[in-house]
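[1] Sequence below, structure please.
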Amino acid sequence: MTAGTRVDGSADTANAVATLRSTAEIRRRATALLDRSRSGRSSWFRIDDDHIGDVVTLVAEVTRTRYPDLAIPYHSRWRHFEVGGVDRVADLDIRLGEVGAAERARTQIDLAVVSVLLDAGAGAQWYFDEPGTGQRVHRSEGLAVASVHAFIGGLFSSDPDVPLRVDAAGLRSIDEAALAAAFGVGPATPLVGLAGRLAVLHRLADALDARPDVFVSRRPGDLYDHLTAAGGAVGAHDILSLLLDTLSPIWPSDNRIGEVALGDCWHHSAVDGAGSTAGWMPFHKLSQWLTYSLLEPFEWAGIDVGDLGALTALPEYRNGGLLLDTGVLVPLPADALTTRWHVDDEFIVEWRALTVALLDEVAPLVADHLGMTPAELPLACVLEGGTWAAGRETARTLRDGLPPLDIASDGTVF
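    Residues are numbered from 1 along each chain as shown. Coordinates of the predicted model:
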């Protein structure tokens, strides 16, 4: 648990929450479920290891196509800001003008936080027509581009004279109509989970106000000052721990130990653990996606970021879909591909856990296939190269881009 962590309740509750916020524990529990499936004890999935080589080959081919020089950046929101060959980050830099490295990083963190928190499955019908470029952008990239324009337009700021920022008062002033307008939502472009996304923004405002020890200016960018106060390098898990400590209360779920919201952490009957952690399978997908997306703002500001390998693969429908579509994961229920699932269904929890554990195995194999070491091609780059893009490609080939599973979403997990 990071210094300054606030967890309500008993010491046992605090220890349980700290355990479930550890990526080492995510990996331990996910690997245990993988071992269980491999031994034939799962009711939900069979593992066909004969197809892992197919995944490795496909991911390596997609990586070489996307990055022929193998100079592969991190998997992060900043890649989505570059869609269509438009350098929107450079445009933001120009708009910022002559500011110092720290303020530039704070602004970039402000943007990344709201953009990632708004980045859950948009649905097949939604798209965003970008002003100025005429590009029509769909899905995650569309949400990214729309969030950039909303940010530049000052949607998230309480001060019209300082539009390029996010603060609690600005977030709290947003209503559903304003969010819908910013994202081009209409009868022909419905956005899945619009109300859920708005709730997340309002809860973010509450979280910023609740932690003045971290968010001195009530903006997400204050994370930069808090994490660099001691100087030197910043660890990737330190970023994640602080995000989980300060922002977990925003997740609108009933998953709790005591009074503490666990966020993206779900029950599975076969998951063991000590005390009140038993039965919980943590993921923290959006918090890890946000952590990946904050690596570069720190590095661009001259801060060394270490411990990248502590973060896990992101268990969402592109990475998980890749494993389904290539036959590595074989669903056991006969109606698995036609059932409408919910995020707390044990089938979905296990699918996500197996995704985490299997991609830990796939990543070094992809690096070796490309003639690189895991140090030269860490998981953060394999995801970008990579598994997410390969999952999208298989979905496009097999189902016109649709996910392999039908999952009811409120816009806060997928």
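
[2] Look at V413 and report its pLDDT.
    We have a pLDDT of 67 for V413.

[3] let me fix that: S253
    Reported pLDDT for S253: 63.

[4] repeat for the one 5 residues further on
    According to the predicted model, the pLDDT of G258 comes to 84.

[5] With adjacent residues omitted, what lies nearest to T338?
    Nearest residue to T338 in three dimensions, chain neighbours excluded: D406, at 7.5 Å (CB to CB, 6 or more residues apart in numbering). Using the backbone N, CA and C atoms, a C-beta is placed for each residue, glycine as well.

[6] what sits against the one you found?
    T338, T339, R340, W341 (CB atoms under 8 Å, 6 or more residues apart in numbering).

[7] which among those gets closest to V148?
    W341 (31.9 Å; CB to CB).

[8] what's the helix or strand harbouring the closest one packed up against?
    According to DSSP states H and E, W341 maps onto strand 340-342. Under the contact criterion of 3 or more CB pairs under 8 Å, 6 or more residues apart in numbering; DSSP states H and E, strand 340-342 touches helix 346-369, strand 406-408.

[9] Least confident of the ones you listed, on average?
    strand 406-408 - the lowest mean pLDDT of the helices and strands packed on strand 340-342, at a mean of 90.

[10] Pull the distance from it to the chain's centre.
    18 Å (CA atoms, centre = their mean, to the nearest Å).

[11] Quickly run through the sheet partners of it, with directions.
    strand 340-342 (parallel) (DSSP bridges).

[12] From the chain's centre, how far out is the strand it pairs with? Work that out for me.
    For strand 340-342, the distance to the chain centre is 20 Å (CA atoms, centre = their mean).

[13] now stretch 78-91
    That offset, for stretch 78-91, works out to 18 Å (CA atoms, centre = their mean).

[14] What separates the first and last residues of it, distance-wise?
    13 Å (CA to CA, to the nearest Å).

[15] For that stretch, report the contacting residues that lie outside it.
    For stretch 78-91, using CB under 8 Å, 6+ apart, the contacting residues are 73, 112, 115, 119, 130, 133, 135, 137, 140-141, 143-145, 148, 293, 296, 384.

[16] Show me which positions of stretch 209-226 end up buried.
    Residues R211, V214, F215, R218, R219, P220, G221, D222, L223, Y224, H226 are the ones in stretch 209-226 that count as buried (16 or more other CB atoms under 10 Å).

[17] what do you get for stretch 96-105?
    R104, A105.

[18] CA-only coordinates of it in PDB, if you can.
    C-alpha atoms of stretch 96-105 as PDB (Å, rounded to 0.1, in the frame of the first residue of the first chain):
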ATOM      1  CA  LEU A  96      -0.400  25.100 -24.500                       C
ATOM      2  CA  GLY A  97       2.300  27.500 -25.600                       C
ATOM      3  CA  GLU A  98       5.400  28.200 -23.500                       C
ATOM      4  CA  VAL A  99       4.700  26.300 -20.300                       C
ATOM      5  CA  GLY A 100       7.200  24.300 -18.300                       C
ATOM      6  CA  ALA A 101       7.600  20.500 -18.400                       C
ATOM      7  CA  ALA A 102       5.700  20.000 -15.200                       C
ATOM      8  CA  GLU A 103       2.600  21.900 -16.300                       C
ATOM      9  CA  ARG A 104       2.700  20.200 -19.700                       C
ATOM     10  CA  ALA A 105       2.700  16.800 -17.900                       C
END
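
[19] how near is the residue nearest to T338 to T246?
    34 Å (CB to CB, to the nearest Å).

[20] can you check G371 too?
    Counting by CB to CB, the gap from G371 to T246 is 41 Å.

[21] Compare the two (neighbour count), which wins?
    T246 (24 against 10; other CB atoms under 10 Å).

[22] Hmm, the more buried one is touching R218, no?
    No: T246 lies out of contact with R218 (CB atoms under 8 Å); the separation is 12.0 Å.

[23] and A32, what is it in contact with?
    Neighbours of A32 in contact, by CB under 8 Å, 6+ apart: A270, V271, D272.

[24] State the helix or strand in which it lies.
    helix 23-38.

[25] burial measure for L379, as a count.
    There are 27 residues near L379, going by other CB under 10 Å.

[26] And the residue nearest to it when sequence neighbours are not counted, how far from D49?
    Nearest residue to L379, sequence neighbours excluded (CB to CB, 6+ apart): A363, at 4.7 Å. Taking CB to CB as the measure, A363 falls 16 Å from D49.

[27] A207 now?
    In terms of CB to CB, A207 sits 42 Å off from D49.

[28] R211 now?
    Counting by CB to CB - R211 and D49 are separated by 45 Å.

[29] Can you show me the helices along the stretch 1-150 of the chain?
    Using DSSP state H, counting those that start in this stretch, the helices of the stretch 1-150 of the chain run over 11-20, 23-38, 52-66, 77-80, 88-96, 101-117, 139-152.
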